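J.: okay, here's the prediction I keep looking at, along with the sequence it came from:
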Amino acid sequence: MTVDPALVRALDAAVPGRVRTNEPLARYTSFRIGGPADVLVSPDTAEELGAVLRLAAEHGVAPTMLGGGSNMLVGDGGIRGVVVRLGAGFRHVAWDAPCVEAGAGVQLGRLARDAAQRGLGGLEYAEGIPGTVGGALFMNAGAYGGEIADAVDEIETVDASGRVRRLGRDELAFTYRRTALPVGVVVSAVRFRLRVEAVERVRARMEEARARRTAGQPHGSANAGSIFKNPPGDYAGRLVEAAGLKGVRIGGARVSDAHANFIVNDGAARAADVQALMQQAQRVVWERSGVWLEPEVRLIGSW
């Protein structure tokens, strides 16, 4: 382990009982892949999160945020240093129609379903998107023409000094599958401004999104969602399929037969298998179509 034992002791004092060393990360990722974290910390409040960030900074350690573990591929060697996974205290939800404030640890799909039941539109495309509100904000997650940026009103952040600060949407920069945030801050909550509509209309759009996702995406095998970003004017899945790569396998990783922009773990895949399959797809698509596919999934940790 590369972490100073003094830092581990300090973290354990700040977040008692929620610090684990040499913790396997596969159980925390939607890919079910990933080596161990030197230290995994699970703060439950903004104050605890601030203390973790401050202690890490004092020891010269840049923490890695795990979020809900979707849309990422953790290396087989795990993650050196401190990994932060927000605890149950970040799963709070407060409704004030047409707004809702959700902790960064809330499951995005569940929030979307609850909003639909209340007749609040603006998140129905997110039903079925894995991951948490915080991760979705960071990635500006979206599908079927909608994205998180459309509904964000403001966010709550915590920095390495422990300061809690709120930022309005005009202080954020949203791009395709990314939200630019101030350096060194972690999102602790997001406030969404939704639309009051008839419950039946919101539910109908959600059912349409669910049907499209069920028909066109893999089910029953661990995956991390879309592997590549869609290039301008085209779709990554179409390019990978046109390159003849559907069903291609390396080790325990396979390009999905249901949707070529998904790689699935058939049960024993290593991160190296997925990475090799991604590289093969990039190379073959480039040779065939002259398009270089940019990963949407984040590759983190030690390889």
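T.: Here it is on my side, so go on. Residues are numbered from 1 along each chain as shown.

J.: what segments of the stretch 151-300 of the chain are helices?
T.: 199-216, 236-242, 271-289 (DSSP state H, counting those that start in this stretch).

J.: just those: most buried one?
T.: helix 236-242 (a mean of 20; mean count of other Cβ atoms under 10 Å). In short, each C-beta sits where N, CA and C put it, glycine included.

J.: which elements pack onto that helix?
T.: helix 271-289 (3 or more Cβ pairs under 8 Å, 6 or more residues apart in numbering; DSSP states H and E).

J.: number of residues surrounding residue 219?
T.: Neighbour count for residue 219, taken as other Cβ atoms under 10 Å: 10.

J.: now do residue 1
T.: Residues near residue 1, counting by other Cβ under 10 Å, number 13.

J.: tabulate the helices of the stretch 151-300 of the chain (JSON lines), appending mean pLDDT and distance to residue 113.
T.: Output for the helices of the stretch 151-300 of the chain, formatted as JSON lines (pLDDT from 0 to 100; distance: least, Cβ to Cβ, whole Å):
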{"stretch": "helix 199-216", "mean pLDDT": "90", "distance to residue 113": "7"}
{"stretch": "helix 236-242", "mean pLDDT": "98", "distance to residue 113": "26"}
{"stretch": "helix 271-289", "mean pLDDT": "98", "distance to residue 113": "30"}
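
J.: for stretch 188-199, what is the distance to the chain centroid?
T.: Its chain's C-alpha centre and that of stretch 188-199 lie 20 Å apart, by Cα atoms, centre = their mean, to the nearest Å.

J.: list the buried residues in that stretch.
T.: 188, 189, 190, 191, 192, 194, 197 (16 or more other Cβ atoms under 10 Å).

J.: just stretch 65-72 next, same as before
T.: Buried residues in stretch 65-72 (16+ other Cβ under 10 Å): 65, 66, 67, 68, 69, 70, 71, 72.

J.: pairing partners for the helix or strand of the chain with the lowest mean pLDDT, with directions?
T.: When the helices and strands of the chain are compared on mean pLDDT, DSSP states H and E, strand 142-143 comes out lowest with a mean of 82. Applying DSSP bridges to the sheet, strand 142-143 is found paired with strand 146-147 (antiparallel).

J.: tell me the contacts of residue 176?
T.: 140, 229 (Cβ atoms under 8 Å, 6 or more residues apart in numbering).

J.: where's it relative to residue 296, distance?
T.: 9 Å (Cβ to Cβ, to the nearest Å).

J.: again, but for residue 171
T.: 25 Å.
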